[in-house]
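Engineer: Here you go, sequence then predicted model.
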Amino acid sequence: MDWPVLNLLDRCYLESACERGSGALASSLLIRNAELVVPEGDPWLGDVLVKNGQIAEIGQHLAAEGVARVIDAEGHTLMPGVIDPQVHFREPGREHKEDLQTGSWACARGGVTSFLEMPNTDPLTIDQATLDDKLARAASKCVVNYGFFIGATADNLKELQTVQGACGIKIFMGSMHGPLLVDDQAALERIFGETDPNFLIAVHAEDLSRIKARKALFAGRTDVAVHSQIQDEESALIASRRALDLATRYRHRLHILHLSTGLEVELLRQHKPAWVTAEVTPQHLLLSTADYARLGSLAQMNPPLRDPANLAQLWQGLHDGILDCIATDHAPHTLEEKAQPYPHSPSGMPGVETALPLMLTAAQQGRCTLAQVVQWMCEAPARLYRIPNKGRLQVGYDADLVLVDRHTPKPVRREELLTKCGWSPFEGWELVGWPLVTIVGGQIAFQNGQVDPSVRGKALQFQR
Ligand code: DOR
């Protein structure tokens, strides 16, 4: 990928330290004339000075003297970089779908400056060695910041108790094969009861027994729409209820991944202890079972898409604070794999490149506000995974930033995608809010439609 050294962006300009003469602080950056989405109050037009990877100053008419690089944002919107708390980047083991480098490039293009990646790789991330391997791989190739889950199995309790550097424990209660599937009650009791209650457990909540029974009921059906009937709303509710019960009894931090049903929203509305959080994906908010006709197995994912009534309840759950944050569950598969007839077609869809424009388009349509998008996609993931210094446009915070164009509509185009799988269920959708510039720790990782592959993100830190 070519990297233009000086031309930053059609609408922005860049001056290098050498162009501006001597005395420039090498790692400083000034973003001028941006609509700043600050934590409190309305956005306002101002400047942000970045020094040594952090936000040093926010104000109006900040001096550019001695600053290495200047970006004129021309009124475009500057917000904290998105933290995507659920992605599957397939490395090691299935790099033909995605790898940590291409996944991180797709993040940068989508304004995602930090990601948390799941353990269903090959080998599975289920101990310190496999976690350290991922951290080392990411350090050598990721242009954005990264964190990794350790997966629970029925017999890796010791690893879950002693692991260092993981963002949380992932439990697949259903929709998984092999050791990562943990459905046995005794094993679940051990994991919740005997690990640090402050070490977040994230669950994929779908009930194995019910899904098995319903698979038998619908055996022989090859139309992909049946996926939502097999892995039905009740399957999700049963598993979420079970996880909530465990977290309540053991007072263990719990995060319920990708909620898909109104039933689960209502469950949490009735009982959601302070140490329990939940998330939703843009696809569960914006695509429904009606989309199978158009998308076929490209719309197949776990948990499955639901009917429009559920979508409305998920939106309401977000607005009411029952759902805390948004994650993409970026789960790339190749088009060839997806083309297999159901049930052989794999579940999952990519999302890191489109999530922010989708949500900013929803904001433009009046479905939510710009401040809520920042809260759900930046502040909340940082808060619930206890990632210090991220998710806010505030002095002293890390300079993980994204400058977006909230006004010019542009379609999702397959040929522009950086995800290795090369497709999107949202292809053709006209969206606003496309990132113009993505900044990771003060470094420009994406600009002018291109990623700088030499930029490196950092390993995220997680407090308990
Ligand atoms: O549809 C899905 N696919 N949901 C998940 O949670 C896992 C994912 C995958 O890894 O392909």
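Structural biologist: Nice, I can see it. Quick caveat: nothing in here was measured; it's all calculated off a predicted structure.
Engineer: Strand partners (parallel or antiparallel) of the top strand by length along the chain?
Structural biologist: Identified as the longest strand of the chain according to DSSP state E is strand 25-36. Pairing partners of strand 25-36, with direction, according to DSSP bridges: strand 44-51 (antiparallel), strand 67-72 (parallel), strand 77-80 (parallel).
Engineer: For those strands, could you give me a markdown table that also reports distance to residue 445 and mean pLDDT?
Structural biologist: Placement of C-beta: from N, CA and C, glycine included. Putting the strands paired with strand 25-36 into a markdown table (distance: least, CB to CB, whole Å; pLDDT from 0 to 100) gives the following:
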| stretch | distance to residue 445 | mean pLDDT |
| --- | --- | --- |
| strand 44-51 | 13 | 98 |
| strand 67-72 | 13 | 97 |
| strand 77-80 | 14 | 98 |
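Engineer: Figure out which of the ones you listed is closest to residue 127.
Structural biologist: The closest of the strands paired with strand 25-36 to residue 127 is strand 77-80. By CB to CB, the value is 33.0 Å.
Engineer: Which SSE is immediately downstream of the closest one?
Structural biologist: Scanning forward in sequence from strand 77-80 by DSSP states H and E, the next helix or strand is strand 82-87.
Engineer: what sits against the closest residue to the ligand within the stretch 151-300 of the chain?
Structural biologist: When scored by CB to the nearest ligand atom, the stretch 151-300 of the chain has residue 204 as its residue closest to the ligand, at 5.2 Å. Applying CB atoms under 8 Å, 6 or more residues apart in numbering to residue 204 gives the contacts 170-176, 257-258, 302-303.
Engineer: The stretch 51-200 of the chain against the ligand: which residues are in contact?
Structural biologist: Neighbours of the ligand within the stretch 51-200 of the chain, by CB under 6 Å from any ligand atom: 88, 120.
Engineer: now with 8 Å?
Structural biologist: 86, 88, 118, 120, 172, 175-176 (CB under 8 Å from any ligand atom).
Engineer: what's the lowest-pLDDT member of these?
Structural biologist: Within those, residue 175 has the lowest pLDDT, namely 84.
Engineer: Tell me how far it lies from residue 74.
Structural biologist: According to CB to CB, to the nearest Å, residue 175 and residue 74 sit 45 Å apart.
Engineer: higher neighbour count, those two?
Structural biologist: residue 175 (20 against 16; other CB atoms under 10 Å).
Engineer: quick one, what contacts that one?
Structural biologist: 204, 206, 211, 231, 302-303, 347 are the contacts of residue 175 under CB under 8 Å, 6+ apart.
Engineer: Out of those residues, which sit inside helices?
Structural biologist: residue 211 (DSSP state H).
Engineer: Low-confidence stretches in the stretch 351-464 of the chain?
Structural biologist: Along the stretch 351-464 of the chain, no part satisfies pLDDT under 70.
Engineer: Quick check: phi and psi on the closest residue to the ligand within the stretch 301-450 of the chain?
Structural biologist: At 3.0 Å from the ligand, residue 348 is the closest residue in the stretch 301-450 of the chain, using CB to the nearest ligand atom. Main-chain dihedrals, residue 348, degrees, to the nearest 10: phi 130, psi 150.
Engineer: For residue 33, grab the count of nearby residues.
Structural biologist: Count around residue 33 with other CB under 10 Å applied: 17.
Engineer: Can you tell me how far it is from residue 71?
Structural biologist: On the measure of CB to CB, residue 33 and residue 71 end up 9 Å apart.
Engineer: Kindly report the same for residue 161.
Structural biologist: Applying CB to CB to residue 161 and residue 71 gives a distance of 46 Å.
Engineer: ok, back up a step: in terms of contact, does the residue of the stretch 301-450 of the chain closest to the ligand touch residue 88 like I think?
Structural biologist: Yes: contact criterion CB atoms under 8 Å: residue 348 and residue 88 qualify, at 6.9 Å.
Engineer: and the stretch 201-350 of the chain, which of its residues are near the ligand?
Structural biologist: 204, 257-258, 300-303, 329, 331-333, 346-349.
Engineer: if we can go back for a sec, C-alpha coordinates for the longest strand of the chain, PDB please?
Structural biologist: Output of strand 25-36 as PDB, limited to C-alpha atoms (Å, rounded to 0.1, in the frame of the first residue of the first chain):
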ATOM      1  CA  LEU A  25       8.300  18.900  18.400                       C
ATOM      2  CA  ALA A  26       8.600  15.700  16.500                       C
ATOM      3  CA  SER A  27       5.600  14.000  17.900                       C
ATOM      4  CA  SER A  28       3.200  17.000  18.100                       C
ATOM      5  CA  LEU A  29       0.100  17.400  16.000                       C
ATOM      6  CA  LEU A  30      -2.500  20.200  15.900                       C
ATOM      7  CA  ILE A  31      -6.000  19.600  14.600                       C
ATOM      8  CA  ARG A  32      -7.600  22.900  13.800                       C
ATOM      9  CA  ASN A  33     -11.100  24.000  13.100                       C
ATOM     10  CA  ALA A  34     -12.800  20.800  14.100                       C
ATOM     11  CA  GLU A  35     -16.300  20.300  15.600                       C
ATOM     12  CA  LEU A  36     -15.100  18.800  18.900                       C
END
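Engineer: Only the buried residues of it, if you could.
Structural biologist: Residues 27-36 are the ones in strand 25-36 that count as buried (16 or more other CB atoms under 10 Å).
Engineer: Next: stretch 304-315.
Structural biologist: 304-306, 310-311, 313-315.
Engineer: Just give me the closest of these to residue 289.
Structural biologist: Using CB to CB, the buried residues of stretch 304-315 come closest to residue 289 at residue 305, 5.5 Å.
Engineer: Would you point out which residue of the stretch 51-200 of the chain is nearest the ligand?
Structural biologist: Counting by CB to the nearest ligand atom, the stretch 51-200 of the chain gets nearest to the ligand through residue 88 (4.1 Å).
Engineer: Quick check, that residue in contact with residue 122.
Structural biologist: No: using CB under 8 Å, residue 88 is not in contact with residue 122; the gap is 11.8 Å.
Engineer: Residue 278 falls within a strand, correct?
Structural biologist: Yes: using DSSP: H, G, I helix; E, B strand; the rest coil, the assignment for residue 278 is a strand.
Engineer: how close does it sit to residue 408?
Structural biologist: 33 Å.
Engineer: Same question for residue 268.
Structural biologist: Residue 268 is 37 Å from residue 408, by CB to CB.
Engineer: which residues sit in contact with the one residue sitting closest to the centre of the chain?
Structural biologist: By CA atoms, centre = their mean, the chain has its centre lying nearest to residue 84, at 2.1 Å. Applying CB under 8 Å, 6+ apart to residue 84 gives the contacts 107, 112, 114-116, 327-328, 330, 352, 355, 377, 381.
Engineer: With neighbour count and secondary structure added, can I get the residues you listed in CSV?
Structural biologist: As requested, the contacts of residue 84 are exported to CSV (neighbours: other CB atoms under 10 Å; DSSP: H, G, I helix; E, B strand; the rest coil):
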residue, neighbour count, secondary structure
107, 36, helix
112, 31, strand
114, 29, strand
115, 32, strand
116, 25, strand
327, 27, coil
328, 31, coil
330, 31, strand
352, 30, coil
355, 28, helix
377, 29, helix
381, 27, helix
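Engineer: These into CSV, with extra columns for distance to residue 289?
Structural biologist: Below are the contacts of residue 84 laid out as CSV (distance: CB to CB, whole Å):
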residue, distance to residue 289
107, 29
112, 28
114, 32
115, 28
116, 28
327, 21
328, 20
330, 21
352, 24
355, 21
377, 25
381, 28
